[in-house]
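Participant: What would the 3D arrangement of this be:
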Amino acid sequence: MTSSVAAASTPAVAAHPIRPALLLGALGVVFGDIGTSPIYAFRESLKAAGGATGEATVFGVLSLVFWAIILIVAVKYVTFVMRADNDGEGGTMALLALALPVAGRLQAGLLVIGLAGASLFFGDAMITPAISVLSAIEGLGIAAPVVTPYVVPIAAVVLVGLFAIQSRGSGSVGFLFGPVMAVWFLTLGLLGLVHLLQYPRVLLALDPRYAFAYAGHAGGGVAFAVLGSVFLALTGGEALYADMGHFGRRAIRINWFAIVLPALMLVYLGQGALVLRDPAAASNPFFLLFPGWLLVPAVVLTTAATVIASQAVLSGAFALVQQAIQLGAIPRLDVRQTSEESAGQVYVPQINWLLAIVVLALVFGFRSSDALANAYGIAVAGDMLVTTLLVTTVATARWRWPAGLVFPVAGLFLLLDVTFVSANIHKIPAGGWFPLLVGAITLTLMLVWRKGRAVSFERRDENAVKLRDFITSLDQPDAPIRMRGAAVYLTKQADIVPSALALNVKHNGVVHKQVILLKVSTERVPRVAEADRLTSEMLPSGFRLIRMVFGFAEKPDVMAALKAHEDAVGCDAGKASFFIGRENPVPSMKPDLSPWQERLYAFMVHNAVSAPDYFQIAPERVVELGTRIEM
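Facilitator: Numbering: from 1, shown residues only. Presented below is the predicted three-dimensional model:
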C-alpha cells in the first residue's frame, strides 16, 4: 500500500513564480563569474596577440569575444543546454542522470565522460575565486602603487571572508550580493557606453568577418594563443547551468538577456575603444576605463564583484557534490540544506573548507592574475565539451529530436569546444596542469568509490541468507527469541537478510517482534513527491518491507519521512531501534581491487559521514554492528 500523506518535500525553485527578489538573488549568485571576466579577459587577449593595439588586432579580438559569448553562452547554454532541465536541476550530474538511462550500450563510456566533466568543474571552482579576487585587488596598484606588495595578503583576507559566510546559503548570500551586482552591471554598461561614444567606429568589430580576418593573418600559433585568452570571457558560462537549481531557468534567462549580455558587450567594446584611442591603456584597459577620481571606489566595487563571482562556482560545486553523493559517485558528506523553498540551495562544509585551503594555496603560489590566467580555461573548456556530448545524447535519445536538427547544431558546438580545448593546451606547462590534476584526482576518487561499492555489495551478499528462508526458520523449534518492540534494519536488497540482522541474531540470538526492513534508494530525478515517497509491504512473522525513495537533489531525512507516513510504517519510528551495519574493508586473498585502490577505498569509507548522520537518524536510537568486507 502507498501512503497518501500530503506533499512535504522541498519543491524545485522552478515551481515558484518569477519575483523581483528571485531575479535579484540570481543576479547576485549566478552571473558573478562571467560578469567579472572583463577585468582580465580583454587584457590577456591583447597580450596573447603580442601586445599589438592596431585596429585590425583590436577589432579581431573584440569580434572573437563577441561571437564566442553569443554562440557558447547565449545560444549553447542559455538557449539550448538549459532546456535539459532535470525537474529544475542543472549541472553535469543532473545532465548525466538524464543521459544515462537512454545511453544504451554507450552507458559505461558516457558515465566516465560525465564524471570527468564534473571533476573538471572542481578545477574551475578552485581557480575562479583566486584569479577573480587577485585581479580586483591588483587594481589598487594603479590607484596607490604603495599597496602593490600587499595585494596577495589582502586578497587572502577577502577570500577567507567569502568562505566563512558560505554556511548562510546561496539564497541569503544572493540576496545580499544581488544589489551589488546590479550596480556592477549598470557601471559596466555606462562605462562601456561612454567610451564607445568617443570611438563609435569600434562597433564594426561586431562583424564576424573581422574575427576570421584576424585569425587568417595572425598565423596559427598566435591565433590559437589569442583564442585561449578569449576563452576567459566565457568562464562562468557553465555556472549558469550548474546554478539552475538555485534560482530556476526563467530567472537566469531573463537576467542574461535583459541585463548581463548588454552590459558585457558594452564594456568589452568600451575597452576596445579606449585602447584604440590610447594604446598605452592596453596594460590594464579595464581599470583605465575609470577616471582617476573614481579609481579607488572602482577597486572597492570590483573587489565586491569578484567575491560574488566566486560565489557562482561555489554554489554550483555544492549542488554538484550533493547530486554526486545521491547518485553514488562519491562517499556521503555532510550536506546542509540552507533554504526551505529550494532544494538546490545547500552547503557542504568539508568541500567549502577544502576549496578554501586550495584557493589560498593558489593565491600564494601564483601571486598574480596574469600567472593564474595561464592555468585558467582548460578545465572549463573540457567541462563544456563534456556538456555538449551529454546534451546531444539527451536531445537524440530522450527528447527524440530529429537527427537532421540535432547533429548540425551539436556539430557546431563540438567544433567550437574542440577548438577552445586545443587553444588552451599551450597553457598546461604554465599552470594548466593544476586543474587537470585536480580533475584527474577527483575522477579517480569517483571511479574507485564506485568500483569499491560494487565489490563491497557483491562480497556482502555472497553468503547472505534468503529473506524468505529466514522468516520461515523463525517458526522452527531452535528459532531465535522474539523480543518486544520494533527494530528497523537498513537494507540494500529486499530479498536477502540485512547483514546487521544476521549479526544481531548471531551474537544476541534475538529478533524483535516487529521488524522493518527499510530500503532507501535514490531516483534519477531531483525530487520525489511526498505521496510517492514510501511504499509498505506486509510480510509474515511481523516483518514489513518499506521502500523509501528520494530525489538526487533532496536530503534523505529518513526519520522525518517515517514520521510523515506513520500509518504505512505501522509503528512510532521515534521509539524504534535502528540497526545499521558498519563496513570495515580488509584485504582479500583474491582481491578485485588493486592494493592502492583498496587503501584509497578504505580511507574514503572511514572518512565518510556515517549512515545515521546522513539519513538523519537520532543517535540514541541507533545500534551499529561492524562487519568485515574482503575487497
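Participant: how much space between T303 and A143?
Facilitator: Distance of T303 to A143, given as C-beta to C-beta, to the nearest Å: 12 Å. Yep, even glycine has a C-beta here, placed from its N, CA and C like the rest.
Participant: meant to ask about T396, not that
Facilitator: Taking C-beta to C-beta as the measure, T396 falls 54 Å from A143.
Participant: Pass me the low-pLDDT residue ranges in the stretch 451-600 of the chain, would you?
Facilitator: Within the stretch 451-600 of the chain, the ranges that satisfy pLDDT under 70 run 461, 524, 553, 586-590.
Participant: thinking again about what came up before, so which of T303 and A143 has more stuff around it?
Facilitator: Counted by other C-beta atoms under 10 Å, T303 and A143 do not tie: T303 has more neighbours, with 20 against 16.
Participant: ok, now which ones touch the nearest residue to that one once chain neighbours are set aside?
Facilitator: Closest residue to T303 apart from its sequence neighbours, by C-beta to C-beta, 6 or more residues apart in numbering: A136 at 4.3 Å. Residues in contact with A136 (C-beta atoms under 8 Å, 6 or more residues apart in numbering) are T36, I39, V299, T302, T303, A305, T306.
Participant: L600: which element?
Facilitator: Secondary-structure element containing L600, defined by DSSP states H and E: helix 595-607.
Participant: helices and strands around that helix, which ones?
Facilitator: helix 433-462, strand 577-586 (3 or more C-beta pairs under 8 Å, 6 or more residues apart in numbering; DSSP states H and E).
Participant: Tell me which of the ones you listed lies nearest to A479.
Facilitator: strand 577-586 (18.3 Å; C-beta to C-beta).
Participant: Direction included, what does that closest one pair against?
Facilitator: Strand 577-586 pairs in its sheet with strand 481-490 (parallel), strand 622-630 (parallel), by DSSP bridges.
Participant: Kindly reformat those as a markdown table and extend each row with distance to F257 and mean neighbour count.
Facilitator: Shown next, in a markdown table, are the strands paired with strand 577-586 (distance: least, C-beta to C-beta, whole Å; neighbours: other C-beta atoms under 10 Å):
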| stretch | distance to F257 | mean neighbour count |
| --- | --- | --- |
| strand 481-490 | 48 | 17 |
| strand 622-630 | 51 | 15 |
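Participant: Same list (these) but as a markdown table, adding distance to L389.
Facilitator: Output for those, formatted as a markdown table (distance: least, C-beta to C-beta, whole Å):
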| stretch | distance to L389 |
| --- | --- |
| strand 481-490 | 36 |
| strand 622-630 | 35 |
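Participant: closest to N424 out of the ones you listed?
Facilitator: strand 622-630 (42.4 Å).
Participant: Tell me which other helices or strands the longest strand along the chain touches.
Facilitator: Looking across the chain with DSSP state E, the single longest strand is strand 510-523. Here strand 510-523 touches strand 481-490, helix 499-508, strand 543-551, going by 3+ C-beta pairs under 8 Å, 6+ apart.
Participant: after the last one, next one along is what?
Facilitator: Okay, so that is strand 543-551. Taking DSSP H and E, what comes next after strand 543-551 is helix 558-564.
Participant: Doesn't S536 belong to a helix?
Facilitator: No - per DSSP: H, G, I helix; E, B strand; the rest coil, S536 lies outside any helix segment and is strand.
Participant: Nearest residue to it in space, please, no chain neighbours.
Facilitator: A568 (4.1 Å).
Participant: quick one, the helix or strand where the residue nearest to T303 lies and helix 433-462 angle?
Facilitator: Here A136 sits within helix 107-137, counting by DSSP H and E. Between helix 107-137 and helix 433-462, the angle comes out at 140 degrees (axes from the mean of the first three to the mean of the last three C-alpha atoms, to 10 degrees).
Participant: circling back to that earlier point, now, the most widely separated pair of the contacts of A136?
Facilitator: Longest span within those, C-beta to C-beta: T36 and V299, 12.9 Å.
Participant: Compare these two (neighbour count), which wins?
Facilitator: Legend: neighbour count by other C-beta under 10 Å for T36 and V299, higher for T36 (30 against 22).
Participant: Distance-wise, check the more buried one relative to A273.
Facilitator: The value you get for T36 to A273, if C-beta to C-beta is used, is 20 Å.
Participant: do R453 as well
Facilitator: Distance from R453 to A273, counting by C-beta to C-beta: 57 Å.
Participant: higher neighbour count, those two?
Facilitator: A273 (27 against 18).
Participant: distance of the nearest residue to the more buried one once chain neighbours are set aside from Y268?
Facilitator: Once flanking residues are discounted, A273 sits nearest to Y199: 3.7 Å by C-beta to C-beta, 6+ apart. To Y268, Y199 is 13 Å away according to C-beta to C-beta.
Participant: Name the residue in those two with the higher neighbour count.
Facilitator: Shown here are Y199 and Y268; by other C-beta under 10 Å, Y268 has more neighbours (28 against 16).
Participant: In TSV: the helices and strands packed on helix 595-607, plus distance to V194.
Facilitator: Formatted as TSV, the helices and strands packed on helix 595-607 follow (distance: least, C-beta to C-beta, whole Å):
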stretch	distance to V194
helix 433-462	36
strand 577-586	64
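Participant: of all the ones you listed, which lies closest to V81?
Facilitator: helix 433-462 (20.0 Å).
Participant: what is the orientation angle of the closest one with helix 499-508?
Facilitator: Using the same axes, to 10 degrees: helix 433-462 against helix 499-508 is 50 degrees.
Participant: which secondary structure elements does helix 433-462 contact?
Facilitator: helix 107-137, helix 378-393, strand 577-586, helix 595-607, strand 622-630.
Participant: how about those in a markdown table, adding distance to A213?
Facilitator: Listed next are the helices and strands packed on helix 433-462 as a markdown table, based on distance: least, C-beta to C-beta, whole Å:
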| stretch | distance to A213 |
| --- | --- |
| helix 107-137 | 30 |
| helix 378-393 | 24 |
| strand 577-586 | 61 |
| helix 595-607 | 52 |
| strand 622-630 | 64 |
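Participant: And those: which comes nearest V363?
Facilitator: Of all the helices and strands packed on helix 433-462, it is helix 107-137 that lies closest to V363, at 5.0 Å by C-beta to C-beta.
Participant: Tell me how far that closest one lies from the chain's centre.
Facilitator: Distance of helix 107-137 from the chain centroid (C-alpha atoms, centre = their mean, to the nearest Å) equals 8 Å.
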